[in-house]
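A.B. asks: just to be clear, the model below is a prediction. Sequence and coordinates:
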Amino acid sequence: MPADVKVRMAPSPTGFLHIGSVRTFVFNWLFARQQGGECLLRIENTDTSREVAEAVDQIQDSLRWIGIDWDGPVSFQLDTADRARELAQELLAKGDAYEDEGAIRFRQPTEGTVSWHDAVRGEIEFRNELLPDLVIVRSDGRPTYNFVSPVDDILDGITHVIRGDDHVSNTPSQINILRALGAELPVYAHVPMINGADGKKLSKRHGAVATEAFRDDGYLPQTMMNFLALLGWSYDDKTTIMSRHELIERFSLDRVVPSPATFDYKKLDWMNGVYLRNLQPEEYAHDLRRFLAEQGIDWPAERVNATVPLVQEKIEKFSQYPDFVRFLFEDIEVPADLDGRICRAAAERLAGVEPWDAAAIEEALRGLVDELGEKPRTAFQPIRLAVTGSKVSPGLFESLELLGRDESLRRLSAAGTEA
RNA sequence: GGCCCAUUCGUCUAGUGGCCUAGGACACCGCCCUCUCACGGCGGCGGCACGGGUUCGAAUCCCGUAUGGGCCUCCA
C-alpha cells in the first residue's frame, strides 16, 4: 500500500518571501492537494532572532494571501537540532562520520555511484568519490542544513521532496546520509529556477520579487497562483486560465519541464486583466476597496463602488486605479491649452439635460457635436480634458454622470473661460 | 577549474520517431470596432543552438561542440 503523500515547503526566514520560492511552494501545494496528501510548512531557521520571527509572520501572510495553506503547526528546523545531534553521534559510533577540528563530518562512500530517479528530470547520477565529506555538525555544536534537512524529512515522514534545482548537487550527499541512517528515501523532484529577462536568477533588478510587492501592485492572488503554476508546468497545448480548483485537479509532476523559465511581467499583467474582467462587479468592488484600504487611500466606498463599471474593462491591475479615476474624487488641474469654445458650448448644452445620466448626456453631446460640424473624436477630447484633466479616461458620458451636473458644469465653464 | 543540469518563436509552452511545410498564449506590428484608453474581432511577424550519427523517416533517440545555469561554505 503506497504511503500517503506528504510534502513540505521549507523557506528560509531571510526577509521577504521570494516569488520564486512561492512558485516551488505552489508546486508542492498543488501536488499535495491533488494527491489528497499533506503539505507542511517548515522554517529552515538557524537562530531565533526577532528578525526571524518577523520573517516567519511575513512568510505566512504571503502564503495565505496567495491561497496556499498548510497542515499542522508551522515547524522549525532549529527544533530538531537535538535529535540531529543524536543521530550524528550514531553515525560517529558506526564509523559513518568522524571528528574534524571539533566538527563532525559525514564519511562519503569512496566508490560506486549514487543515483536517483528525479520526478522531473529523470535519472541523475553522481560518483561517490567526488562527493566531499561534508560537515554535519559544526564545531559549536549546531547541525548544518545538509544534515538537518534530510533528517527532518525522515522525522516528518516526507514522501516527496519538491524543491528548486539548486539543490540537485546537495541531493547525492543527502541520499548517502539517509542511507547511512537506514532511512527510506523520499521521491525527489527538482523544479527549474525562475530567471529574469537576462537569464540570470530573478532579482529586484528585473522587477518585483517579494510576494508582498505583487500584492501592493494590485495583482489578484488567483492570478499569481495561475501564473506561477504555468512557470514550468502546463496542462496541455492551449489551456492558460485555470481556477485554483482546476489547477489542483490537473497538476502533475511529470508535466513539469526541466528547463528554467523567465518571469514575464507583461504576461502577468495580461493575466491579471483577464481575472479582473472576469470578476463579478461586487467581487471587484470588494477587492478594489480592500486594495485601496491597504494602500491608505480612503475614498468614499459608495463612489468607489460606482466607478467599477467604468474601470473594470480598462485597467489590468489595481495600482492603475487611483490615477485613472482621481478626477472623480479630487479637484483637477485645469489644462492650459484646450478648445474653450467647445467646453463652453458643452456646459450650456448640458445645463438642461434631464435626467442626468450617461444616455441623456451622450445624446446631448452628440447633438451638439453634430451642430458644430465637428468630429466626435476631436470634439470630445477637449471636454474629456476639461472634466478629467487627462487625455486618457474612463468613458466620457459615464464619467460626467458620476461626477454630477454641478461639478461637471463647473469644470467645463472653468475650462471655457480659461481659454 | 571539477561535477551536475538545461537548450522549440523575444517570453511561457505543446510536441515522447511519421498526425509538424512545428500548434497555442503573452509581447510586437497592421486592419476593424470606437469619445480617449482598454476590451473584442481579423491578419501578420517569428522558433526546433550547432555538428555528426542511428533510422525508410528525428524537434523527438545517441555522441560531441557551443551557450546558459546550479553546486563545489563549519550558508540555507
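C.D. replies: Okay, I see it. What you are looking at is a predicted structure, and each value in this text was computed from that prediction instead of being measured. Numbering: from 1, shown residues only, chains lettered A, B, ... in the order given.
A.B. asks: in contact with A:V256, which residues?
C.D. replies: Residues near A:V256 by C-beta atoms under 8 Å, 6 or more residues apart in numbering: A:27, A:119-120, A:189, A:191-192, A:232-233. Where you see a C-beta, it was placed from the backbone N, CA and C, and this is true even at glycine.
A.B. asks: right, I mislabeled it, should have said A:D370
C.D. replies: A:D370 neighbours (C-beta under 8 Å, 6+ apart): none.
A.B. asks: kindly recompute the last result at 10 Å.
C.D. replies: A:D370 sits next to A:376, A:379 when contact means C-beta atoms under 10 Å, 6 or more residues apart in numbering.
A.B. asks: what's it sitting at in phi/psi?
C.D. replies: With angles defined as degrees, to the nearest 10, A:D370 sits at phi -60, psi -50.
A.B. asks: need the pLDDT of it.
C.D. replies: The confidence metric pLDDT takes the value 93 at A:D370.
A.B. asks: so where's the stretch 201-350 of chain A uncertain?
C.D. replies: Within the stretch 201-350 of chain A, no stretch has pLDDT under 70.
A.B. asks: which bits of it sit near RNA strand B?
C.D. replies: A:201, A:230-234, A:236-238, A:240, A:254-255, A:257-262, A:264, A:266-267, A:269-270, A:273-274, A:277, A:313-316 (C-beta under 7 Å from any atom of the strand).
A.B. asks: filter those residues down to the buried ones.
C.D. replies: A:201, A:230-233, A:260-261, A:269, A:273, A:314-316 (16 or more other C-beta atoms under 10 Å).
A.B. asks: Throw the residues you listed into CSV and include distance to A:I297 and secondary structure, thanks.
C.D. replies: Below are these laid out as CSV (distance: C-beta to C-beta, whole Å; DSSP: H, G, I helix; E, B strand; the rest coil):
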residue, distance to A:I297, secondary structure
A:K201, 34, strand
A:L230, 31, coil
A:L231, 31, coil
A:G232, 36, coil
A:W233, 36, strand
A:P260, 38, coil
A:A261, 34, strand
A:D269, 21, helix
A:G273, 21, helix
A:K314, 18, coil
A:I315, 15, coil
A:E316, 19, coil
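A.B. asks: ok, the residue located most distally from the centre of chain A - contacts?
C.D. replies: Going by C-alpha atoms, centre = their mean, the residue of chain A most distant from its centre is A:E371, 52.5 Å out. A:E371 is in contact with A:345, A:349, counting by C-beta under 10 Å, 6+ apart.
A.B. asks: tell me how far it lies from RNA strand B.
C.D. replies: Distance from A:E371 to RNA strand B, counting by C-beta to the nearest atom of the strand, to the nearest Å: 16 Å.
A.B. asks: what sits closest to A:Y145 if chain neighbours are left out?
C.D. replies: Leaving aside its chain neighbours, A:Y145 sits nearest to A:E44 (6.7 Å; criterion: C-beta to C-beta, 6 or more residues apart in numbering).
A.B. asks: can you give me the buried ones in the helix or strand hosting A:D82?
C.D. replies: Using DSSP states H and E, the element containing A:D82 is helix A:81-94. Of all the residues in helix A:81-94, those buried under the rule 16+ other C-beta under 10 Å are A:81, A:84-85, A:87-88, A:91-92.
A.B. asks: interface residues of the stretch 51-200 of chain A facing RNA strand B?
C.D. replies: Near RNA strand B, when you scan the stretch 51-200 of chain A using C-beta under 7 Å from any atom of the strand, you find A:77, A:100-103, A:121-127, A:130, A:132, A:134-135, A:138-140, A:142, A:144-146, A:165-170, A:192-193, A:195, A:197, A:199-200.
A.B. asks: in strands, which of those appear?
C.D. replies: Members of these lying in strands (criterion: DSSP state E): A:100, A:103, A:122-127, A:135, A:195.
A.B. asks: residue boundaries of the helices in the stretch 301-419 of chain A?
C.D. replies: A:301-311, A:321-325, A:340-351, A:358-372, A:376-388, A:396-403, A:405-418 (DSSP state H, counting those that start in this stretch).
A.B. asks: assign a three-state SS to the nearest residue to A:T171 once chain neighbours are set aside, would you?
C.D. replies: Nearest non-adjacent residue to A:T171, counting by C-beta to C-beta, 6+ apart: A:Y188, 6.0 Å away. Assigned with DSSP: H, G, I helix; E, B strand; the rest coil, A:Y188 falls in the strand class.
A.B. asks: and the buried ones among the residues of the stretch 51-200 of chain A next to RNA strand B, selectable in ChimeraX?
C.D. replies: Filtering those down to the buried ones (16+ other C-beta under 10 Å) takes a single ChimeraX command:
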select /A:77,103,121,124,126,134,135,144,145,146,165,192,193,195
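A.B. asks: number of residues surrounding the residue nearest to A:Y145?
C.D. replies: 17 (other C-beta atoms under 10 Å).
A.B. asks: give me the most central residue, chain A.
C.D. replies: Closest residue to the average C-alpha location of chain A: A:M224 at 4.2 Å, with C-alpha atoms, centre = their mean.
A.B. asks: against A:D100, how distant is the residue lying closest to that one once chain neighbours are set aside?
C.D. replies: Leaving aside its sequence neighbours, A:M224 sits nearest to A:I66 (C-beta to C-beta, 6+ apart; 5.4 Å). Distance of A:I66 to A:D100, given as C-beta to C-beta, to the nearest Å: 43 Å.
A.B. asks: thought the residue nearest to A:T171 was touching A:V161?
C.D. replies: Yes: if you go by C-beta atoms under 10 Å, A:Y188 and A:V161 touch, sitting 5.1 Å apart.
A.B. asks: what's the overlap in contacts for the two?
C.D. replies: In terms of C-beta under 10 Å, 6+ apart, A:Y188 and A:V161 are both contacted by the residues A:119, A:167, A:171, A:174.
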